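Asks: Build me a model from this:
(chains A and B)
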Amino acid sequence: MTVLLPSKFCLPMFVLCLGWLVANVGQSQTVPAAVSQAEQQRIAAIRKASAPTICIFPPNGSDGGGSGVVISADGYAVTNFHVVKPCGNHMRCGMNDGRLYDAVLVGLDPTGDVALIKLLGREDFPTAEMVDSDDVQVGDWCFAVGNPFLLAYDFQPTITYGIVSGTHRYQEPAGTILEYTDCIQTDAAINPGNSGGPLFNADGQLIGINGRGSFEKRGRVNVGVGYAISINQVKHFLGYLRSGRIVDHATLGATVGTDEDGRTVVTNILDSSDAYRRGLRYGDELVYFGNRNITSANDFKNVLGIYPKGWRVPLSFRRDGKRTDTFVRLAGVHSAEEIILLTQGPGEPEIPIRPNRSPNPDPNQPPDEQPPSDDTPESNPHKTESPDAKSDQAMPAEVAALFAERRGYANYYFNELETQRIWSAFLDSCQVQADATVWNFHGQLRSGGTFQASLKPDQATLLWKESTETLDLTHNLDNQLVPEGTGGLLPTFHLWQRMLKEGPKLYGSVYYLGQAPIPQQDGLFDVLIGIYDIFETRFYFSPQTGQLVLIETSPDPETDPCEIYLSDYRQNATGQLFPMQMEVRFGDQTVDALNVETFTSAEAEQP
Amino acid sequence: MKRLMLITAMTLLFVGNGSNQNRIQAESNRSFADVIRPIQAKMAKIYGAGGIRGLEAYQSGFFISDQGHLLTSWSYVLDSDVVSVTTADGKRWEATLLGADPRLEIAVLKLPTETPDFFDLSQATTLRPGNRVLAFSNLYSIASGNEPNSVLHGVVAAVSKLQASKGTFQTPYAGQAYILDAMTNNAGATGGALTDRQGTLAGILGKELQNSQNSTWLNYAIPIQEVQLAVEDIMAGRMRPRSLANETKLPEQPVTLASLGLILIPDVLSRTPPFVDRIQPNSAADKADLQTDDLILYVDGRIVQSRKELIRELATIDILDPVRLTVMRQQQLIEVTLQVESE
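Replies: Below is the predicted model of the structure:
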């Protein structure tokens, strides 16, 4: 190449230009401001996301472990069921402050592969910010934080960056009860040890819990396909998990398939299911379920998988062009005994002999497509531990103080804790006088006419539309579902009063279910379930006000309950708060609404 | 005048530099969601033969015309009486195999429907090492029905020939390939689309290739430029067997298997692949050194997919004319010319 020498006239200009070019080349070797800015954003997001991420280890230093993420300042953390399973009831969690914290098992969702644990020792744990994972789009940047291959000896988590490869993915239970529904697929490397750890969006906000990958023939290392349980699903289950129970997923009591026109239709339905009672029949087309439109059988399975047993969710179906919108109660996928057997094994005494669950052969490890890391990195071919390995390590006293064994519970301590919390809040909010065991209230019915209720410990009467109903409290209540057409309004009144009088400890058998929605109301409500006589009664409390807002009573899970919606609480003369509005519903009907005009309570006369 | 030119050049440099900065800013942290969404409509899920011995009965493909032409990989999956294709809207179609080029390991299918969303091969881009890429496929058959394909991201690590280390990778493909740092080539991903970060088509995802020496898996895509001519030939019918054309004039004395000295495996399937069973000594086939287990893929550059098709195709050739065959022998493509000797 020949270089033309510039004329004398142009030389200064040339030098100037050359100088500028050199300067510019120099400048282009420094990082452009936009890139530095992006880098700083990424560093900030990773810093924010690393702080609440935990590395989980079994307490006795045995094999196993994984990752998790703290979601509340008092130390509640989410991980995988298959991560805590080898740990038992107690685990150790490292954080990137370099400290190791003791943690106790709180609740288990074996079907969804989620566990809730609680870290001890601080009330100011760094927490991850949970966002709406339905906003996640394919192509969004995301990153996993965790402990792949259990590398984090210094508790500094590993970051793997990638993009969201798919959303609303359905992954069959691979020969086990582990089912990943509505999950997020990512190409961020998810390896053994990442299990239970968080998946964050580019802003460091929590969108999922990593737990599974597609591996097949290439062995158990990442092949570009990892799955995270959506944080929206986890949010649905959090209240249930805080109850300390072993919680179950839901079934509609119906199966769906795709017909030749591509419609998603009911292919089978149990006549004992709530869906059947709400009118759903074979051949009906599902159009809306839970929180979204249904366009395929996979859509349906995805939505079903994100809800806990016992929730009532919207369902819309179409038959002969006519659309029906209703709410349907979801039953459990497993029987109560089945899920306990799968999780805790058979033959445990009700009263614990020692504070550790006996281990059992793991039924949850898929034969060929295993979730990464229940056990360990590749270096650990032997997974089976001796049954006593777990109990060898005694629980530290501060952990043992937060643990109570009871069959059917992951940790009964937390059920009592929550029950007590809800009950105290309720008593505070309503100024309940437990010794005021005689209630009299009367008023107008929306349908016209009046009502008058008189509730005493030994007698309950209700004047309802010009007839008087009386409960014989010396006999079983199941054939006394009066007044007719209410599903048992008077027994429900009686059980309500009994709950107030006796409290959860003496009412019968009472436990905390978790949080559940109420049709057409925003938010979730704390639910206590009371079993007395043959009735199962659900008491829904507002977490904001502590007030009781709904009572549902049913003598049989296969019949519709009587529902009383309580609102407009006001003080009576003795200072007790009482709901002035009560709407009574049964099945698909609003039976009536009670407009209370006066309420009096008094102590029962001593005989 | 020169000064003016210099100032102009400087200004241009400066402006160019500025817009480059903006581009970096716009792309450094941007989600690919907007790039990905329109591409999903161009993708298809392909189902055919397989399902045994770790051979997945599915693969990926993408539309390359508005007339239902679908580019995918040439594989056992297509070796089926019925190849079923699910479009992005979840509809299922039965596809016709228009043709294939086993040397490039590509095939073109056609659906009996219009496909308004497609990649224009003539607009495909070329990539260099360091370019960021997106890979679209239905790997592991994760998506079904109307569910969108999976998308992985990565970087072009190298542009190289797979045959550079001969025998390491069992593939007949001998051209340039984009070697990727992402885990793109999983089960069922073959035939998927590789685009640059703007969503412009650049390649077709290759098969699962395992390094025979160290057992690692290779992730690669074939540049569109390498396959474009072959695709055009297939779409124009230039690789279709002559015997399938309506007005082919048959010679009075055609070539037959017997006249070539070829004995194929018995015709037991509806589409028995034309494998050589035995060779008559001193025949045309023997002189051309054809061997037992050779799979005949082409007759005069036209693909034959079954024993029946091969016999029909030979029937279009006059016994006096040479017969050019392309055969597959242990993953190698070999070309031979057979001449029936006149008696």
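Asks: who in the stretch 51-200 of chain B is up against chain A?
Replies: B:54, B:90-91, B:134, B:139-140, B:142-153, B:182-184, B:186-187 (C-beta under 8 Å from any C-beta of the partner chain). In this view, the C-beta of every residue, glycine as well, is placed from N, C-alpha and C.
Asks: go with 10 Å
Replies: Neighbours of chain A within the stretch 51-200 of chain B, by C-beta under 10 Å from any C-beta of the partner chain: B:54, B:56, B:89-92, B:134-137, B:139-154, B:182-187, B:189, B:199.
Asks: From the residues you listed, keep the buried residues only.
Replies: Buried subset of these (neighbour count, 16 or more other C-beta atoms under 10 Å in any protein chain shown): B:56, B:134-137, B:139-154, B:182-187, B:189, B:199.
Asks: Spatially central residue in the chain, please.
Replies: Just going to use chain A. In chain A, the centroid-proximal residue (C-alpha atoms, centre = their mean) is residue A:237; its distance is 0.5 Å.
Asks: Let me rephrase: I mean chain B.
Replies: Central residue of chain B (C-alpha atoms, centre = their mean): residue B:106, at 1.3 Å.
Asks: how far away is that one from chain A?
Replies: Applying C-beta to the nearest C-beta, to the nearest Å, the value for residue B:106 to chain A is 23 Å.
Asks: before we move on, what about residue B:97?
Replies: 26 Å.
Asks: other SSEs contacting the one helix or strand residue A:317 maps to?
Replies: Assigned by DSSP states H and E, residue A:317 belongs to strand A:312-319. Applying 3 or more C-beta pairs under 10 Å, 6 or more residues apart in numbering or on different chains; DSSP states H and E, one finds that strand A:312-319 makes contact with strand A:264-269, helix A:274-277, strand A:285-289, helix A:297-305, strand A:322-329.
Asks: average model confidence for it?
Replies: For strand A:312-319, mean pLDDT rounds to 97.
Asks: Buried residues, it. List them.
Replies: Buried, per 16+ other C-beta under 10 Å, within strand A:312-319: A:312-315, A:317.
Asks: Tell me the pLDDT of the residue of chain B found nearest chain A.
Replies: Using C-beta to the nearest C-beta, the closest approach of chain B to chain A is made by residue B:183 at 2.8 Å. Each residue has a pLDDT score; the one for residue B:183 is 91.
Asks: can you count the residues close to residue A:549?
Replies: Residues lying near residue A:549 (other C-beta atoms under 10 Å in any protein chain shown) number 19.
Asks: Kindly indicate whether it is helix, strand or coil.
Replies: strand (DSSP: H, G, I helix; E, B strand; the rest coil).
Asks: Would you agree it is in contact with residue A:567?
Replies: Yes. Using C-beta atoms under 10 Å, residue A:549 makes contact with residue A:567 at a distance of 6.9 Å.
Asks: Find residues that contact each of the two.
Replies: residue A:579 (C-beta atoms under 10 Å, 6 or more residues apart in numbering or on different chains).
Asks: so for stretch A:168-182, what's the average pLDDT?
Replies: 74.
Asks: Quick check: end-to-end length of that stretch?
Replies: Length of stretch A:168-182, first residue to last, C-alpha to C-alpha, to the nearest Å: 4 Å.
Asks: out of everything not next to it in sequence, what's closest to residue A:259?
Replies: Nearest in space to residue A:259, with sequence neighbours left out and distances taken as C-beta to C-beta, 6 or more residues apart in numbering or on different chains, is residue A:265 at 5.0 Å.
Asks: In this structure the one you found contacts residue A:296, no?
Replies: No. Look at residue A:265 against residue A:296 with C-beta under 10 Å: they stay out of range, at 11.4 Å.
Asks: who touches both of those two?
Replies: What both residue A:265 and residue A:296 touch, as defined by C-beta under 10 Å, 6+ apart, is the set A:256-258.
Asks: filter those residues to the buried ones?
Replies: When these are checked for burial by 16+ other C-beta under 10 Å, the buried set is A:256, A:258.
Asks: Closest one to residue A:395 out of the shared contacts of residue A:265 and residue A:296, please.
Replies: Among the shared contacts of residue A:265 and residue A:296, residue A:256 lies closest to residue A:395 (C-beta to C-beta), at 45.7 Å.
Asks: Give the pairing partners of the helix or strand where that closest one lies; include direction for each.
Replies: Residue A:256 belongs to strand A:254-258 when assigned by DSSP H and E. The pairing partners recorded for strand A:254-258 under DSSP bridges are strand A:264-269 (antiparallel).
Asks: May I see the buried residues of the strand it pairs with?
Replies: By 16+ other C-beta under 10 Å, the buried positions in strand A:264-269 come out as A:264-266, A:269.
Asks: Just the closest of the shared contacts of residue A:265 and residue A:296 to residue A:401, please.
Replies: For these, the nearest to residue A:401 is residue A:256 (47.3 Å; C-beta to C-beta).
Asks: burial of residue B:82, as a residue count?
Replies: Around residue B:82 sit 9 other residues, with neighbours defined as other C-beta under 10 Å.
Asks: ok, it - contacts?
Replies: Residues near residue B:82 by C-beta under 10 Å, 6+ apart: B:47-49, B:94-95.
Asks: and the two most separated of those residues?
Replies: Pairwise distances across the contacts of residue B:82 (C-beta to C-beta) peak at 14.1 Å, for the pair B:49 and B:94.
Asks: These two: which is more packed in?
Replies: Using other C-beta under 10 Å, the more surrounded residue of residue B:49 and residue B:94 is residue B:49, with 17 against 12.
Asks: Checking that one next. Helix, strand or coil?
Replies: Applying three-state DSSP: residue B:49 is coil.
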